[in-house]
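Peer 1: Okay, here's the prediction I keep looking at, along with the sequence it came from:
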Amino acid sequence: MCPHRSFSIKTFLLTALTGCVLAACVSKPAVQLRWDAQAHSVYHFASENFPQEMDIDVGAMLANPALLQAKINELKSLPLDPHSFPIQLKMEPEAHGQASVLAKNRRVDYPGQASDEGEQRRREMQEATIGLVQLNTIIDQYGVNQNHFIKPLQNNLVNMMFRVPDYPVTVGEHWQIPVVLSSLNTPFLADRAHRDNKVWIKSISNDPVAGRVAEIVYLLQEKISGKRQHFTTEPATPFEVSATYFAVGEYQIEGHKWLSYVGRLDTTVESFRTVSLIALAPVDASNRDPK
Amino acid sequence: MKLAAYAVLLTMMVATGPAQAVELVWHPEVLDKLEYAAAAEIDVSGLLGELNTEEWQTNQSAYLAAIDRLKQLPLPDMYLHHRAHFKALDNGKAIRVQLVGVPVTFNEEPKDEHEMDMRDRIDAFTNAIMLQGDMDLSGNSADLTFYRLSSERNIMTQFFYLPNGEISVGDHWQLPVQYIELGPGIFVQSSSRHNQVTLAELKQTPAGTVAVLHYLVSEQVDGYLERVANTDKGRPPFGLKMACFGYGEFLVEKGHWLRQVLILSYDGKGQASGLHKQHLFALQLKQ
């Protein structure tokens, strides 16, 4: 055997092995997100108007990590009181490794008197609708909705809050969720339509009590433009519809549940803008480092 | 004697032949030169009697009899008061369809209130675009208009969805539609779905090969309605059945419909017991 050849093969194998070890050390670990179908979880849930100013430019946020981080911080520091979230959402075990998701209006113990007439009316309405079902479905361990007859609005909520990839993902790896924010009917004749749909784990931290916690970011956008008919003698006029959904959740990987979830749905139809809050807070928050 | 037996066998083989396979593909280059008379959501409740879509799933002769009844249904101008126009998009990879209301001239007085309502509706929507959608023709006739109301996406899918690849008589596939959408207060205790479009026949005609498709989609839910706790009115029952049945005749070599006639029916029970409707959707190629 040629000694040079033997040396070169050994060198090659050693180099390759070292490369593999280094690559394994450097590559990001993949995590499998999933819901624990055996667990009983209770959240306070909000899905309501929330006219808090916040400019969301999805393109700019995706292109500028510092801007994205600033917006995440802004979203996480919104002045929210989970005790006043008007809905209770329960997840309970079902057959075949699935879980039921049932959300109903609940009795809210407000800390003080209503600040104005509008707030008083809102509280009375809440009291009158205790028990009103807001969400009612069954999901599998990856949050796939099992209720084929669910309305698109509720289907969106389920996918925004519970859909996770059915494969391991690494930090920074994008996936999509089956959510459609726009729902236009006949008068709107679209010429252009565009959408972004990106969800990813931004970071994984270690909490002494909760264990590994994944910070998951949701950034969805739809823009549609064209002409709007009026079904009168008035000629069609241009229209533009846009919708963005920006959310951040802290997911307890080993506990298979949200520690927090705050989302902001912003829709503009022509010049009419509505902003909604979609938020979840676990009722038992004791599974978190109290620092 | 042996020779005669072989001759009989050969004749039988020729007569039976291998199953003819066809591919149903839209031809966008001709579509934008065509015009169809179209019916969209025309109320034809009661004209066809009760639609026993559960029975039809297992009783083929009853199903075929119903398709035959539908073929006898007259399609007067009053029903076909839209025109479907097509426009190729993205170098023929996609196509835009528009259903536009057209004026209809009536020579007689309306027979009843229903006809009067229909005439008012025709007047109100003359020249208006009643439906617009973009379909991807490069793959599986997918609806590109993700932003449309789901009921309108269903209509687009009914009109344009064709199966991928070669198919033979007897092959069937699913129509990617979902008709029933339930609010969160309805709790489903039992449900069923049947979704099948079948290549029923390949006919040789002077216009070329016509692929006859039979549609039978049925969705049914039964359960109850949960009310707000304060009203304390119990849990009233709720049931809903929606079905789409009908036929289509597709010109295989020319790559477009000759005609398609579908009925979409709604039948409610319990809290939805007032809901009994049959709507006609149709496309008829104008020569």
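Peer 2: Structure's in. What do you need?

Peer 1: C-alpha only now, for contacts and for neighbours.
Peer 2: Fine.

Peer 1: Report the separation between residue A:55 and chain B.
Peer 2: 23 Å (C-alpha to the nearest C-alpha, to the nearest Å).

Peer 1: Count the neighbours of that residue for me.
Peer 2: The tally of other residues near residue A:55 (other C-alpha atoms under 10 Å in any protein chain shown) stands at 8.

Peer 1: Heading C-terminal from the helix or strand of chain A with the lowest mean pLDDT, find the next helix or strand.
Peer 2: Each helix and strand of chain A was given a mean pLDDT (mean pLDDT, DSSP states H and E); the minimum falls on helix A:3-26 at a mean of 54. Where DSSP states H and E defines the elements, the next helix or strand beyond helix A:3-26 is strand A:41-49.

Peer 1: who does that following strand pair up with?
Peer 2: strand A:87-93 (antiparallel), strand A:272-282 (antiparallel) (DSSP bridges).

Peer 1: buried sites along that strand?
Peer 2: Within strand A:41-49, the residues scored as buried using 16 or more other C-alpha atoms under 10 Å in any protein chain shown are A:41-47.

Peer 1: ok, of these, which one's closest to chain B?
Peer 2: Chain B lies nearest to residue A:47 out of these, by C-alpha to the nearest C-alpha, at 13.8 Å.

Peer 1: Report how many residues lie close to the nearest residue to that closest one once chain neighbours are set aside.
Peer 2: Excluding its sequence neighbours, the residue lying closest to residue A:47 (C-alpha to C-alpha, 6 or more residues apart in numbering or on different chains) is residue A:278, at 4.6 Å. Residue A:278 sits with 23 neighbouring residues when counted by other C-alpha under 10 Å.

Peer 1: Over to residue A:150?
Peer 2: 22.

Peer 1: ok now do it, which residues does it touch?
Peer 2: Each residue near residue A:150 by C-alpha atoms under 8 Å, 6 or more residues apart in numbering or on different chains is listed here: A:137, B:181-184.

Peer 1: Filter the residues you listed down to the ones in strands?
Peer 2: residue A:137 (DSSP state E).

Peer 1: Can you give me the first-to-last residue distance of stretch B:53-65?
Peer 2: Terminal residues of stretch B:53-65 are spaced 12 Å apart (C-alpha to C-alpha, to the nearest Å).

Peer 1: Enumerate the positions of it that are buried.
Peer 2: Across stretch B:53-65, burial judged by 16+ other C-alpha under 10 Å covers B:53-54, B:56-57, B:63.

Peer 1: now, which of the residues you listed sits nearest residue B:177?
Peer 2: residue B:53 (16.7 Å; C-alpha to C-alpha).

Peer 1: separation between the closest one and residue A:240?
Peer 2: Distance of residue B:53 to residue A:240, given as C-alpha to C-alpha: 42 Å.

Peer 1: Can you pull out the low-pLDDT segments for the stretch 151-291 of chain A?
Peer 2: Residue ranges of the stretch 151-291 of chain A with pLDDT under 70: A:285-291.

Peer 1: which element is residue A:124 on?
Peer 2: Residue A:124 belongs to helix A:117-128, assigned by DSSP H and E.

Peer 1: name the helices or strands packed onto that helix?
Peer 2: Here helix A:117-128 touches no other helix or strand, going by 3 or more C-alpha pairs under 8 Å, 6 or more residues apart in numbering or on different chains; DSSP states H and E.

Peer 1: What lies in contact with it?
Peer 2: By C-alpha under 8 Å, 6+ apart, helix A:117-128 touches A:86, A:105-107, A:114, B:230.

Peer 1: switch to 6 Å and redo it
Peer 2: Helix A:117-128 is contacted from outside by residue A:114, using C-alpha atoms under 6 Å, 6 or more residues apart in numbering or on different chains.

Peer 1: mind saving the C-alpha coords of it as CSV?
Peer 2: What follows is helix A:117-128 as a C-alpha-only set of coordinates in CSV (Å, rounded to 0.1, in the frame of the first residue of the first chain):
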residue,chain,number,x,y,z
GLU,A,117,-70.5,55.2,30.3
GLY,A,118,-69.0,53.2,27.4
GLU,A,119,-67.1,51.0,29.8
GLN,A,120,-70.2,50.6,32.0
ARG,A,121,-72.2,49.4,28.9
ARG,A,122,-69.3,47.0,27.9
ARG,A,123,-69.4,45.5,31.4
GLU,A,124,-73.2,45.1,31.3
MET,A,125,-72.9,43.4,27.9
GLN,A,126,-70.3,41.1,29.3
GLU,A,127,-72.5,40.2,32.2
ALA,A,128,-75.5,39.5,29.9
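
Peer 1: Pull the distance from that helix to the chain's centre.
Peer 2: Helix A:117-128 sits 28 Å away from the centroid of its parent chain (C-alpha atoms, centre = their mean, to the nearest Å).

Peer 1: Could I get the average pLDDT for it?
Peer 2: Averaging pLDDT along helix A:117-128 gives 89.

Peer 1: how about the strands in the stretch 101-250 of chain B?
Peer 2: B:129-136, B:166-168, B:172-173, B:186-205, B:208-225, B:237-251 (DSSP state E, counting those that start in this stretch).

Peer 1: Ok, the stretch 51-200 of chain A next?
Peer 2: Taking DSSP E, counting those that start in this stretch, the strands of the stretch 51-200 of chain A run over residues A:87-93, A:99-105, A:133-139, A:174-175, A:188-207.
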